[in-house]
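A.B. asks: heads up, no residue letters with this:
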Ligand code: C2E
Ligand code: MG
Ligand code: MG
């Protein structure tokens with residue numbers, strides 16, 4: 001800066017030297033105060049001044065602060081605050097220009113009054129301009145009027161400028177220092193955060209996470225206690241999960257949510273700095289305050305955006321920067337939540353992995369080993385058997401009536417039943433045997449170290465016996481029955497694959513043998529299985545291409561000698577596998593899901609035939625066999641029958657359904673509903689093969705049957721076994737007493753007929769009257785007079 005040489009040099013010869021010192025003092029000033037003092041002290045050396053001061057506007061602009069003073073100290077001394085509108089200084093601020101005032105005891109400005117009292121006459125204020133703003137002023141007062149010279153005022157203004165520039169320099173320096181300090185503290189915090197980030201990534205327990213976080217808080221903030229509180233399950237309170245420091249709030253008490261600072265944080269979701277724990281605002285703070293804690297922080301901890309707990313810190317110090325620490329705690333709370341979330345996810349993943357590993361080897365319903373594990377176990381057992389030159393056996397078990405239980409009683413009962421079977425199987429078997437579930441109703445057993453085939457057979461028998469006894473599930477008593485196929489190592493295979501396949505084939509054979517039995521594998525069996533597959537394949541085509549045919553078997557009324565009805569029986573004469581009997585292909589149809597299509601075809605053909613015959617024989621009915629399985633899967637049966645009747649424009653009374661009794665053992669509720677619906681249509685229902693299943697009086701009484709068909713086997717034994725005759729007699733009586741009609745099946749001899757007549761059995765069906773005949777022969781059959789046959793019998797039984 002260039003100084004007005006004229007004034008300076010003329011006034012004071014040594015001023016150049018003084019000026020140099022002044023500049024040095026300004027340059028060396030270590031603080032704003034030193035700087036202002038230097039200016040105030042040196043100024044009177046250049047100009048005719050008796051007093052110099054620096055005043056600065058306080059930050060809210062309401063007053064001036066006297067910053068540095070040279071001269072009389074008693075008045076307007078350093079540190080004193082001068083209200084803005086009561087002092088002349090205000091003129092400088094409002095106009096941002098220098099002002100010259102006369103000091104006067106009567107002045108409106110009290111600074112001028114004070115200065116006048118000190119003997120000052122002239123006062124000059126020059127603005128301190130920083131960044132275009134007047135932030136205060138350099139003030140000079142003199143006891144003489146000499147001050148009021150343009151040169152002098154100009155000099156004062158220039159020194160004010162010099163001061164302002166240096167003040168600005170100091171400010172910038174200070175700001176830089178603060179920024180550096182801040183930066184260092186951030187860097188320090190960042191370092192700590194990095195470190196705890198590292199520790200947290202290795203941490204796997206909730207408590208461990210808290211400990212790391214608590215350690216970090218203690219490092220950064222001067223706190224006496226850190227705690228983590230979690231809401232109780234009913235959200236009525238908080239439990240202290242873990243804490244550091246003293247046990248003011250131990251972990252075993254519940255802090256009521258109402259009126260707690262913790263609840264405040266949970267409700268608002270905002271971190272809070274509690275600047276005074278002694279203010280009694282929140283219940284738990286009172287306890288902390290009692291122990292000398294003064295301030296506290298609480299921040300929410302979130303997992304998946306849900307607040308799961310509150311992280312708290314408390315300190316006995318009051319000089320901490322609450323807001324800055326709150327930011328830090330919020331960051332740490334966030335880090336804690338993220339880590340807890342990661343741990344939860346890891347835990348879930350670990351559980352899922354365990355679950356997957358379990359599922360890979362165990363059946364989740366019954367907890368038995370599954371196919372994969374069984375194969376492994378079989379493989380191991382095979383290695384042992386091979387090494388010790390021993391035999392082993394694989395038993396394949398299929399539950400006979402599981403499907404119909406599932407269909408009638410529902411999957412829940414089905415599932416429970418499988419569990420019951422699983423545990424029963426384990427009870428029957430010894431600990432050295434392995435039982436596994438392959439899926440559905442298939443179980444498999446491994447008998448290692450077989451010394452005698454007899455033991456294998458005995459085990460199979462024990463298993464069947466168990467399956468024959470009714471199993472109790474949900475109040476139902478269920479008769480399942482099972483079929484078992486057995487393969488042996490080394491005779492029937494040396495690998496798990498072949499042994500299981502051959503046991504499976506043997507099981508099919510057992511089923512074909514009428515179920516509820518066991519079969520050892522023999523090579524012929526696989527041929528039978530192939531045949532079964534071939535039947536299924538051919539049957540599909542046969543149904544689609546109308547290659548099946550029907551024959552009709554008359555049911556003769558023993559009183560009138562007339563044919564009351566005709567039982568439709570399916571035939572498959574020219575199958576690619578040669579003529580097949582219904583009992584050879586009906587089970588295949590049932591197992592392969594073809595039964596519905598087959599029944600539809602039979603029903604349609606039967607109704608077509610009966611429609612024609614009824615033109616001459618209006619009371620004739622047709623009896624159609626339905627598979628028990630179809631009756632159990634009731635969903636479509638009713639609508640299928642209604643549709644067929646509709647199609648042929650026939651009343652339901654032309655139709656009688658023949659069903660075997662196994663259906664009626666279970667799910668009486670559903671079955672009775674279906675039966676009632678059928679009855680509403682006029683359709684009648686007959687129990688076929690009565691006596692061969694699980695004849696039970698209860699279902700006979702409870703369900704609305706129309707007809708009871710005594711199985712052929714009883715009729716054929718008539719006259720050979722009094723007990724058998726008693727059963728036939730009893731059955732006829734039961735039918736009569738329940739108001740049902742009775743049909744005796746398989747009547748081949750006059751003796752049998754005579755006995756049935758004697759017992760007043762209503763209807764008969766059998767080769768004695770006729771073999772089942774194709775529809776084309778029905779007219780002549782119906783015209784035959786059977787009466788002589790009925791009267792021919794002498795009624796003799798051996
Ligand atoms: P089922 O309903 O008990 O039919 C009676 C069976 O006994 C018929 O054999 C019939 O030919 C035979 N039979 C009748 N009277 C005599 C006799 O005096 N002596 C002898 N030895 N046998 C006699 P089939 O036709 O071989 O039928 C066997 C079983 O196949 C039937 O038993 C029935 O359960 C089933 N079935 C036949 N046709 C169908 C059908 O269309 N659908 C369904 N689901 N099953 C059918
Ligand atoms: Mg029948
Ligand atoms: Mg029958």
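C.D. replies: Yep, that arrived. Values in this document were obtained by computation on a predicted structure and should not be read as measured data. Numbers count the residues shown, from 1 in each chain. Ligands and ions are numbered 1, 2, ... in the order given.
A.B. asks: what's the average pLDDT for the helix of greatest length in the chain?
C.D. replies: If you go by DSSP state H, the chain has its longest helix at helix 150-202. Per-residue pLDDT over helix 150-202 has a mean of 84.
A.B. asks: now for that helix, which elements pack on it?
C.D. replies: In terms of contacts (3 or more C-beta pairs under 8 Å, 6 or more residues apart in numbering; DSSP states H and E), helix 150-202 is packed against helix 5-11, helix 15-28, helix 32-46, strand 122-130, strand 133-142, helix 206-220, helix 322-361. For the C-beta atoms, the positions are set from N, CA and C on the backbone; glycine is no exception.
A.B. asks: ok, and for the fourth one, which residues are buried?
C.D. replies: Along strand 122-130, the positions that meet the burial threshold by neighbour count (16 or more other C-beta atoms under 10 Å) are 122-129.
A.B. asks: How far off centre is that strand?
C.D. replies: Here strand 122-130 shows a centroid-to-chain-centroid distance of 77 Å under the convention C-alpha atoms, centre = their mean, to the nearest Å.
A.B. asks: Distance to ligand 1 and mean pLDDT added to the helices and strands packed on helix 150-202, as TSV?
C.D. replies: Formatted as TSV, the helices and strands packed on helix 150-202 follow (distance: least, C-beta to the nearest ligand atom, whole Å; pLDDT from 0 to 100):
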stretch	distance to ligand 1	mean pLDDT
helix 5-11	132	43
helix 15-28	118	84
helix 32-46	111	88
strand 122-130	108	94
strand 133-142	106	93
helix 206-220	64	86
helix 322-361	39	83
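A.B. asks: Tabulate these (TSV), appending distance to residue 523.
C.D. replies: Compiled in TSV, the helices and strands packed on helix 150-202 are given as follows (distance: least, C-beta to C-beta, whole Å):
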stretch	distance to residue 523
helix 5-11	132
helix 15-28	115
helix 32-46	111
strand 122-130	110
strand 133-142	110
helix 206-220	64
helix 322-361	33
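A.B. asks: where does the protein come near ligand 3, residue by residue?
C.D. replies: When proximity is defined by C-beta under 5 Å from the ion, the chain lies next to ligand 3 at 688-689, 745.
A.B. asks: try 8 Å
C.D. replies: The chain has residues 625, 658, 660, 688-689, 709, 711-712, 745-746 near ligand 3, with proximity defined as C-beta under 8 Å from the ion.
A.B. asks: Quick check: buried residues in stretch 256-276?
C.D. replies: Neighbour-count burial for stretch 256-276, counted by 16+ other C-beta under 10 Å, picks out 257, 260-266, 271-274.
A.B. asks: and which of the residues you listed is nearest to ligand 1?
C.D. replies: Comparing the buried residues of stretch 256-276 against ligand 1 with C-beta to the nearest ligand atom places residue 266 closest, at 68.2 Å.
A.B. asks: Using the three-state scheme, assign that closest one.
C.D. replies: Look at residue 266: counting by DSSP: H, G, I helix; E, B strand; the rest coil, its state is helix.
A.B. asks: ok, residue 188 - how many residues close by?
C.D. replies: The burial count assigned to residue 188 is 12, neighbours taken as other C-beta atoms under 10 Å.
A.B. asks: The one 4 residues further on too?
C.D. replies: If you count neighbours by other C-beta under 10 Å, residue 192 ends up with 17.
A.B. asks: My read is that it contacts residue 217, right?
C.D. replies: No - Residue 192 lies out of contact with residue 217 (C-beta atoms under 8 Å); the separation is 9.6 Å.
A.B. asks: So which of the buried residues of stretch 256-276 are in strands?
C.D. replies: 272-274 (DSSP state E).
A.B. asks: Take those and write them to CSV, including pLDDT.
C.D. replies: Shown next, in CSV, are those (pLDDT from 0 to 100):
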residue, pLDDT
272, 94
273, 93
274, 93
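A.B. asks: pLDDT score assigned to the nearest residue to residue 692 once chain neighbours are set aside?
C.D. replies: Using C-beta to C-beta, 6 or more residues apart in numbering and skipping residues adjacent in sequence, the residue nearest residue 692 is residue 711, 4.8 Å away. On the pLDDT scale, residue 711 is placed at 92.
A.B. asks: Please report the distance of residue 711 from residue 753.
C.D. replies: 17 Å (C-beta to C-beta, to the nearest Å).
A.B. asks: who's more crowded, those two?
C.D. replies: More neighbours surround residue 753 than the other of residue 711 and residue 753, with 26 against 23 (other C-beta under 10 Å).
A.B. asks: now that one, what's its secondary structure?
C.D. replies: Residue 753 - assigned by three-state DSSP - is helix.
A.B. asks: again with residue 705
C.D. replies: Per three-state DSSP, the local secondary structure of residue 705 is coil.
A.B. asks: List the contacts of stretch 638-652.
C.D. replies: Under the criterion C-beta atoms under 8 Å, 6 or more residues apart in numbering, residues 596, 599-600, 603-604, 607-608, 610-611, 614, 654-655, 657, 674, 677-678, 681-683 lie in contact with stretch 638-652.
A.B. asks: Kindly report the same for stretch 217-225.
C.D. replies: The contact list for stretch 217-225 (C-beta under 8 Å, 6+ apart) reads 188-189, 192, 226, 243-246, 248, 288, 293, 312-317, 320, 325, 328-329, 332.
A.B. asks: now swap in stretch 555-563 and tell me
C.D. replies: With contact meaning C-beta under 8 Å, 6+ apart, stretch 555-563 is reached by 554, 564-567, 617, 620, 623, 743, 753, 756-757, 760-765, 769, 781-782, 785-787, 789-790.
A.B. asks: Among those, name the ones that also lie close to ligand 1.
C.D. replies: With the criterion set as C-beta under 6 Å from any ligand atom, the members of these near ligand 1 are residue 765.
A.B. asks: out of the contacts of stretch 555-563, which are buried?
C.D. replies: 554, 564-567, 617, 620, 623, 743, 753, 756-757, 761-765, 769, 786, 790.
A.B. asks: What segments of the stretch 551-700 of the chain are helices?
C.D. replies: According to DSSP state H, counting those that start in this stretch, the stretch 551-700 of the chain carries its helices in the segments 582-592, 595-613, 628-632, 637-647, 668-680, 697-702.
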